[in-house]
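Engineer: Got a sequence here, can you build the structure:
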Amino acid sequence: MSVGFSGEVAEYYAKYRRGYPPPVVEALRAAFALDTDDVVLDLGCGTGQLAVPLAAQVRSVIGMDPEPDMLRLAEETATGQGVRNATWVLGADSDVPALGALLGPGSLAMTVIGQALHWMRYEDLFRTLAPLFRPGGGVAVVANGTPLWLQDSAWSRALRSCLEDHFGTRLEATCGSAAQDRRRYAEALRAAGFTAVRETAIDYDAELTLDEIVGGVYSALPADSLPTQEHRPAFTEHVHRSLPPGPYVEGVRVSVLVGRVA
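Structural biologist: You can find the predicted model right below:
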């Protein structure tokens, strides 16, 4: 199912989607020896959760996303944080060949894809990207934890049951975070000619409020599936009644899969 990350969904995404802790940015910097001469592409950049912190590590960041509202909010975040070396481009993975023609071979140090590769034709994408990297550059595929409703905890299982009942559908999509997803991506990187393909993980715990849980759900819904304003208090109450007593602790594993060119 395709999600339209527009309007209020984009607003919820900006407010409630978890960001990336500093060790993730450091892992990306170290993997490709990023420095202030480098240009990186954040493909499927969303509202800038990775592009904005990466900007301090490099000469320039290109944030590319197919949703104008996501780019608008990313630009607002960057401006608010004084980031001036980020450029926001409307486009999807299918637009990378055109971007590559503008940039030229060897122009990128890294393309990072954070929690977005499951929307893309990744085998074609990896082959298209390979010539664009400088020596030692490459691709980083970052999975920012398991969806809230697919985790191994009592409150997550209760949330999944609540949502499946409300929306009348099974919730099984792992959004690229499952082990089998990562293996497929790693195999596709090797098939596209990338070497030194490896994966590292950064683990931490986060305690969520009820508002953060509900906001996280809203950030993942198609725009036409958001409860109306008048029905949102009832939806929040339904979720609250479905969950066991808190605290609601989320064990987050950020997986960083990288492949480099020679």
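Engineer: going forward, measure contacts between C-alpha atoms and count neighbours the same way
Structural biologist: Will do.
Engineer: Would you map the strands across the protein?
Structural biologist: Applying DSSP state E to the chain gives strands spanning 39-43, 60-65, 86-90, 108-114, 133-144, 195-208, 248-260.
Engineer: Who are the packing partners of the fifth one?
Structural biologist: Put plainly, it is strand 133-144. Here strand 133-144 touches strand 108-114, strand 248-260, going by 3 or more C-alpha pairs under 8 Å, 6 or more residues apart in numbering; DSSP states H and E.
Engineer: and residue 162, which of those is closest to it?
Structural biologist: Nearest of the helices and strands packed on strand 133-144 to residue 162, taken as C-alpha to C-alpha: strand 248-260 at 15.6 Å.
Engineer: Could you point out which of the strands of the chain sits nearest residue 19?
Structural biologist: strand 133-144 (8.3 Å).
Engineer: buried ones in stretch 123-135?
Structural biologist: If you call a residue buried by 16 or more other C-alpha atoms under 10 Å, then stretch 123-135 has these buried ones: 125, 126, 127, 128, 129, 130, 131, 132, 133, 134.
Engineer: rewinding a little: in a markdown table: the helices and strands packed on strand 133-144, plus mean neighbour count, mean pLDDT and distance to residue 6.
Structural biologist: A markdown table is the format used below for the helices and strands packed on strand 133-144 (neighbours: other C-alpha atoms under 10 Å; pLDDT from 0 to 100; distance: least, C-alpha to C-alpha, whole Å):
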| stretch | mean neighbour count | mean pLDDT | distance to residue 6 |
| --- | --- | --- | --- |
| strand 108-114 | 25 | 97 | 18 |
| strand 248-260 | 21 | 96 | 25 |
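Engineer: could I get the ones you listed as CSV with distance to residue 182?
Structural biologist: Supplementary listing: the helices and strands packed on strand 133-144 in CSV, determined by distance: least, C-alpha to C-alpha, whole Å:
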stretch, distance to residue 182
strand 108-114, 13
strand 248-260, 8
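Engineer: among the strands of the chain, which is nearest residue 11?
Structural biologist: Here strand 60-65 is closest among these (C-alpha to C-alpha), at 15.1 Å.
Engineer: Neighbouring strands - and their directions - for that closest one?
Structural biologist: Partner strands and pairing direction for strand 60-65 (DSSP bridges) are strand 39-43 (parallel), strand 86-90 (parallel).
Engineer: Need the winner for burial among the ones you listed.
Structural biologist: Of all the strands paired with strand 60-65, strand 39-43 has the most neighbours on average by mean count of other C-alpha atoms under 10 Å, namely a mean of 24.
Engineer: Report the rounded mean pLDDT for that strand.
Structural biologist: Mean per-residue pLDDT for strand 39-43: 98.
Engineer: now what about it, what contacts it?
Structural biologist: 50-51, 58-65, 92-93, 107-114 (C-alpha atoms under 8 Å, 6 or more residues apart in numbering).
Engineer: Reformat the strands paired with strand 60-65 into JSON lines and put distance to residue 227 next to each item.
Structural biologist: Listed next are the strands paired with strand 60-65 as JSON lines, based on distance: least, C-alpha to C-alpha, whole Å:
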{"stretch": "strand 39-43", "distance to residue 227": "29"}
{"stretch": "strand 86-90", "distance to residue 227": "28"}
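Engineer: For residue 36, the count of nearby residues, please.
Structural biologist: 11 (other C-alpha atoms under 10 Å).
Engineer: From residue 130, how far out is it?
Structural biologist: Residue 36 is 21 Å from residue 130, where distance means C-alpha to C-alpha, to the nearest Å.
Engineer: Many thanks, we can stop here.
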